[in-house]
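Asks: what would the 3D arrangement of this be:
(chains A and B)
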Amino acid sequence: MTNVPASPDYFELFGLTPRFALDLDALEIAYQRVQSRVHPDRHAAGTAADRRAAMHWAALANEAYRTLRDEGRRAAYLCELAGVPIDASSNTAMPASFLARQLEWREALAESRAQGRPVAELQAEVDEQRSETLRALAAALDCAQDRKHAAALVRQLMFIDRFRAELRAGGESRSAHSTQG
Amino acid sequence: MALLQIAEPGMSTAPHQHRLAVGIDLGTTNSLVATVRHGAPQVLADEQGRVLLPSIVRYLADGAAEIGHGAQHHQASDPRNTVVSVKRFMGRGVKDVAHVENLPYDFVDAPGMLRLRTVAGVKSPVEVSAEILKLLRERAEKSLGGSLVGAVITVPAYFDDAQRQATRDAARLAGLNVLRLLNEPTAAALAYGLDRAAEGVYAVYDLGGGTFDISILRLSQGVFKVLATGGDSALGGDDFDHRLYCWALEQANLSLLAPQDQRLLTVKARAAKEALSSRGATTLQARLSTGQWVNLSISAEAFAAMTQHLVAKTLEATRQALRDADLKAADVNGVVLVGGATRMPHVRKAVADLFGRPPLADIDPDQVVAIGAALQADLLAGNRSRDGADWLLLDVIPLSLGLETMGELVEHVIARNSPIPVTRAQEFTTFRDGQTAMAIHVVQGERELVGDCRSLARFELRGIPPMTAGAARVRVCFQVDADGLLSVTAREQTSGVEASVAVKPSYGLSDEDIARMLQESLAAVDADMRARMLREQQVEARRLLEATEAALAAEQLDRVELMESLLRRAIKLRPDDAHLYNALGYSLADRNLRLKEAHALIARALELAPDDAYILDSMGWVYFRLGDLATARAYLERAWRGRPHAEIGAHLGETLWALGEREAARAIWREAKQLEPDNETLQSTLRRLKVRLAP
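Replies: Numbers count the residues shown, from 1 in each chain, chains lettered A, B, ... in the order given. The predicted model follows:
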């Protein structure tokens, strides 16, 4: 039986190298391997203490999986592991060009909504910006080891993802309306 | 806590002893018990060979209870003491039960959960369910020849905390050791997946008597991972019966039937529905108490057409679950049908059309859930670990959990479809200076306003040491265990004051509520966003006022510092508001403080509003303070051209004065003075520089 330290970081828990570039299949396999050891179903016949410990570990594995699976959360976690907090709420400094683009997107979305036009083009642009930010994150975290820059990129990614959620939310609410009745 | 403390699977069980364990499907209409014998799952029958036990309990005057088929025969003659569909009352108050006025029971509205007054006394739904479970336990023990080590009890995937808790209590009352509460679609997926060693993505479409569940799972190498679950729990086979019943009323030109005729026609409608599953047409015949004969013919096509809207609802919920799982219908490798209502051919066809493949129904849809539960019970009892033939179920919570925050907003802490068990903490702070208690209100649902979600529990964290508003750090921790049961603790971090509650909610969510809430939340995203923004602004305004009053009263801060701290809070709340950045930046620049920060703030404001004269003025003033007079002049001239205002004129004049262009400065100041003779900035500038303007 492997002796996992008392509070392992999420990468240690899954036996993965702490990098931004991550093989999601390897993560999935590692997650399931850990869960098949620690899940409460595996300790149903154990003592109350065993069952509590199983729940603790299974919840930790779920949280670790959720964090590492998502690029933004993973990058934020890597920054925090290296002692660079993201501080999204207090650190609002953004490059002017990035902010300008955010404004353009919002205007474009409001316009499309007002005119009932599809947002596919905007969606594509936002997706492209997101991919670009992810590439920059990979470079900052895995090559340059520049966590400060990475933290700034994570904050940008949070903006982009919030905007993507708005794009998606609008789409869903429209489809829900159209199927009513 | 170290992993070492956990024993290896199977270690703590005796290796060569088969432990008797069962799976129980406690259904709305029927209940079943199954077990694994000689490695194969098997549904257990009663002495007459019947496997389905009607979920009906009749209480008798001597305190005894009649359960199942015997009770079924008396539901018309003794309705008050004969409880049917008790599952709908689990974890519910009277207010939560739909059409309560049409039910023949004598309800007692007790705190927590409703009660039923019967000839044998007042009974809770937990007790009624326990009667059914006890009978199934006895059937199993007789059949297996020993006492059970435990049982897996299935619940709809959409059951909330109150309903799960009530189900577990009923099982305990029936003398069962609950190994696990298992979601019904997950149990069905297990039965199918193991039966055919399936791999890939499976959808479980579960249309029962009163509820609809849809779960999307990924099966790989013995891991059954639920990706998303959803449903429309206000929908089941009963709604199809009711549609046919209404059609019959119309066709026969009937209205206001006597209660026994209502029941008769409903039973006949159900029989006709069942007949149409195997025939192209059937008749619906009944002789009413008035002596009138009803004799109607109905074709399968006509029945399909009149119930198509019900099928469409299930398909919409199915599409939503696919979206939640981030999958398309074509990604699904197999579709499993569960529940008696999936016998209807047009339901099967609609599911087949949606997924582009024929659904699987070769395990009896009435039995598949109990079989899955039996398999899981066998595993949890430790009977499987010997040969390594085991598997792992990774399930999710069906609805988001959150807390009420200021302005009756919901702060979601755990999102729907999060894998369980799950533990997540969130920090909250105090709203007022000296606040020593905090009310914690736990809610469940997808909507943004508390009133649109289900209230699960309330408790209070007391004894927080008095601090200024925003200084306390209250960490609220949600924990959902593998049964889907929630507990919540709250702890003030700086003092260690703690409070906790096992969430035993007074009322659970009604299935209708859940379905309605989910549908509304999707349709109402826009409305929510607007409502939320409005609430946040109201809350912030109140907060600013309270903080201002408190600070001024205590004279803790001078007014300018106070304003700056308020602006900082406002910026966090509205990060896209140029004027907030500008106001803070200007305030700093004007006091000649933290000029770099002031510059960054105003630059941000300018990005958001590039031509705003007041922001240009602020920027110019920062450059003046920084000593870059040329840049200052450029900004101030742009500002002055954009909006000639005395204040801007005062700044521009001072910059020109400092540059040695005294006459140009005087000209601007004169213009400014004409615009606003009493402008304070202008007057103080002139006083400071000892300049007198010729009239």
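Asks: which SS class is residue 122?
Replies: Let's take chain A. Assigned state for A:Leu122: helix (three-state reduction, DSSP: H, G, I helix; E, B strand; the rest coil).
Asks: that's the wrong chain, I meant chain B
Replies: strand.
Asks: what sits against it?
Replies: For B:Val122, the contacting residues are B:Val108, B:Arg115, B:Leu116, by C-beta atoms under 8 Å, 6 or more residues apart in numbering or on different chains. For every residue, glycine as well, the C-beta is placed using N, CA and C.
Asks: distance of A:Ala96 from chain B?
Replies: 5 Å (C-beta to the nearest C-beta, to the nearest Å).
Asks: how confident was the prediction at that residue?
Replies: According to the prediction, A:Ala96 has pLDDT 74.
Asks: list only buried entries from the contacts of B:Val122.
Replies: Buried members of the contacts of B:Val122, counted by 16 or more other C-beta atoms under 10 Å in any protein chain shown: B:Arg115, B:Leu116.
Asks: redo the contacts of B:Val122 as JSON lines? Include pLDDT, distance to B:Gln426 and secondary structure.
Replies: JSON lines is the format used below for those (pLDDT from 0 to 100; distance: C-beta to C-beta, whole Å; DSSP: H, G, I helix; E, B strand; the rest coil):
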{"residue": "B:Val108", "pLDDT": "84", "distance to B:Gln426": "38", "secondary structure": "strand"}
{"residue": "B:Arg115", "pLDDT": "88", "distance to B:Gln426": "36", "secondary structure": "strand"}
{"residue": "B:Leu116", "pLDDT": "90", "distance to B:Gln426": "40", "secondary structure": "strand"}
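Asks: for the nearest residue to B:Arg666 once chain neighbours are set aside, give its distance to B:Thr681.
Replies: Leaving out its chain neighbours, the residue that sits closest to B:Arg666 by C-beta to C-beta, 6 or more residues apart in numbering or on different chains is B:Leu693, at 6.3 Å. Distance of B:Leu693 to B:Thr681, given as C-beta to C-beta, to the nearest Å: 15 Å.
Asks: equivalent analysis for A:Leu109, please.
Replies: Distance from A:Leu109 to B:Thr681, by C-beta to C-beta: 40 Å.
Asks: can you check B:Asp481 too?
Replies: 64 Å.
Asks: higher neighbour count, the two?
Replies: B:Asp481 (21 against 18; other C-beta atoms under 10 Å in any protein chain shown).
Asks: now that one: phi and psi?
Replies: phi -90, psi -180 (degrees, to the nearest 10).
Asks: quick check: it touching B:Asp395?
Replies: No. Assessed by C-beta atoms under 8 Å, B:Asp481 is found out of contact with B:Asp395, at 11.2 Å.
Asks: pull up the overlap in contacts between these two.
Replies: Counting by C-beta under 8 Å, 6+ apart, the contacts common to B:Asp481 and B:Asp395 are B:Ile420.
Asks: domains for chain A, by residue range?
Replies: A:10-69, A:96-178 (automatic domain parsing).
Asks: give me the pLDDT for residue 90.
Replies: Picking chain A for this. 64.
Asks: wait, chain B was what I had in mind.
Replies: 87.
Asks: doesn't the residue nearest to B:Arg666 fall inside a helix?
Replies: No. Going by three-state DSSP, the assignment for B:Leu693 is coil, not a helix.
Asks: just give me the neighbour total for it.
Replies: By other C-beta under 10 Å, the residues close to B:Leu693 number 13.
Asks: related to what we said a few turns ago, columns distance to chain A on top of the contacts of B:Val122, output as CSV?
Replies: Formatted as CSV, those follow (distance: C-beta to the nearest C-beta, whole Å):
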residue, distance to chain A
B:Val108, 36
B:Arg115, 32
B:Leu116, 34
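Asks: ok, the contacts of B:Val122 vs A:Ala144, which is closest?
Replies: Set against A:Ala144, the nearest of those by C-beta to C-beta is B:Arg115 (67.2 Å).
Asks: spit out the contact partners of the residue nearest to that closest one when sequence neighbours are not counted.
Replies: Spatial nearest neighbour of B:Arg115, chain neighbours left out: B:Val108 (4.0 Å); criterion: C-beta to C-beta, 6+ apart. With contact set as C-beta under 8 Å, 6+ apart, B:Val108 has these partners: B:Leu114, B:Arg115, B:Leu116, B:Arg117, B:Val122.
Asks: do that again at 7 Å, thanks
Replies: For B:Val108, the contacting residues are B:Leu114, B:Arg115, B:Arg117, B:Val122, by C-beta atoms under 7 Å, 6 or more residues apart in numbering or on different chains.
Asks: ranking the domains of chain A by mean pLDDT, which is last?
Replies: Looking at the domains of chain A, the bottom one is domain A:96-178 with a mean of 81.
Asks: and that one, how far from the chain's centre?
Replies: A distance of 14 Å separates the centroid of the chain from that of domain A:96-178, by C-alpha atoms, centre = their mean, to the nearest Å.
Asks: so B:Ala589 sits right up against B:Glu597, yeah?
Replies: No. In this structure B:Ala589 lies outside contact range of B:Glu597 using C-beta atoms under 7 Å: 9.5 Å.
Asks: ranges for the helices of chain A?
Replies: A:10-14, A:24-38, A:48-69, A:71-81, A:96-115, A:120-138, A:147-178 (DSSP state H).
Asks: tilt between the fifth one and helix A:147-178?
Replies: Pointing back at helix A:96-115 there. 0 degrees (axes from the mean of the first three to the mean of the last three C-alpha atoms, to 10 degrees).
Asks: just checking, what packs against helix A:96-115?
Replies: If you count contacts as 3 or more C-beta pairs under 7 Å, 6 or more residues apart in numbering or on different chains; DSSP states H and E, helix A:96-115 packs onto helix A:120-138, helix A:147-178, helix B:595-608.
Asks: residue contacts, A:Leu68?
Replies: Counted by C-beta under 7 Å, 6+ apart, A:Leu68 has contacts A:Tyr10, A:Leu22, A:Leu27, A:Arg74.
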